[in-house]
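Trainee: Next one to model:
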Amino acid sequence: MSKMWRRLLPMLMVSTLASAQTVIDDTGHHVEISQPAMHIADAWFAHHSLLMTLGAGDRIVATVNHPADRPWMFKVQPSLNQALQAKGKTFASEALVVRHVDAIFVPANDPDAEAYRLAGIPVLAMNFDDFASMKRSLITTAQVLGTPEAAKRAEAYNRYLEFYDYSLTANDAQRILQALLPE
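Mentor: So this is what the prediction gives:
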């Protein structure tokens, strides 16, 4: 090995280590990801909106969403038209490896998560069903993105949510449903 490589190799190793980060997903798993995650697969239809909120919709290279099902999403984020679209809810791990996926978001308890892990793809299991858990998921997603802009957007959005009281009474929910349902 040349003298130059002997000097550069330790610096490259430190650089690689410095760019890796451990993130705790919504199910409590510690997941090591490279920073920033530039090629993202999203296997949970509801999570895409978090990536888009954080300004990272263009990083989605594989999606379970389809233009026929969620036309608004493809209108707001046209780059989704170039993403791999899963048939059903499952991606072929090989297709994700070919697309150099840095991280995949899956719904909690996704049976395909282990196959993605075996392919060497960092898997983040996500779950939110109220504003508190959505805020936590937004922070976790920003950590995966690894940019100051994503962190700022997550913080600002979470502050916005705190400003409003979104707790609905049963009467409120009934009134909303009646307004939405055709007579």
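
Trainee: can you list the weak-confidence ranges in the protein?
Mentor: The model of the chain has pLDDT under 70 over residues 1-19, 164-170, 172-174, 176-183.

Trainee: Would you map the strands across this protein?
Mentor: 20-24, 30-34, 40-42, 60-63, 84-85, 103-107, 123-126 (DSSP state E).

Trainee: neighbouring contacts of the last one?
Mentor: Just to be clear, that refers to strand 123-126. With Cβ atoms under 8 Å, 6 or more residues apart in numbering as the test, strand 123-126 has contacts from 23, 25-27, 29, 31, 33, 44, 47, 103-110, 113, 116-117, 137, 140-141, 144. Any C-beta I mention is one placed from the backbone N, CA and C, and that applies to glycine too.

Trainee: From the residues you listed, list just the buried residues.
Mentor: Neighbour counting with 16 or more other Cβ atoms under 10 Å marks 23, 25-26, 31, 33, 44, 47, 103-107, 110, 113, 116, 137, 140-141, 144 as buried within the contacts of strand 123-126.

Trainee: And for the spatially closest residue to Glu94 that is not a sequence neighbour, the neighbour number?
Mentor: Spatial nearest neighbour of Glu94, excluding adjacent residues (Cβ to Cβ, 6 or more residues apart in numbering): Ala119 at 7.3 Å. Residues near Ala119, counting by other Cβ atoms under 10 Å, number 17.

Trainee: Next: Met134.
Mentor: 19.

Trainee: Hmm, it is touching Phe128, no?
Mentor: Yes: taking contacts as Cβ atoms under 8 Å, Met134 lies within contact range of Phe128: 4.1 Å.

Trainee: pretty sure Met52 is touching Phe74, no?
Mentor: No: applying Cβ under 8 Å as the test, Met52 and Phe74 come out as separate, 11.1 Å apart.

Trainee: Which neighbours do these two have in common?
Mentor: Counting by Cβ under 8 Å, 6+ apart, nothing touches both Met52 and Phe74.

Trainee: Ala115 and Ala83, how far apart?
Mentor: From Ala115 across to Ala83, the span is 19 Å (Cβ to Cβ, to the nearest Å).

Trainee: what does Ser137 give?
Mentor: 20 Å.

Trainee: If anything else comes up later, I'll come back, but that's it for now.
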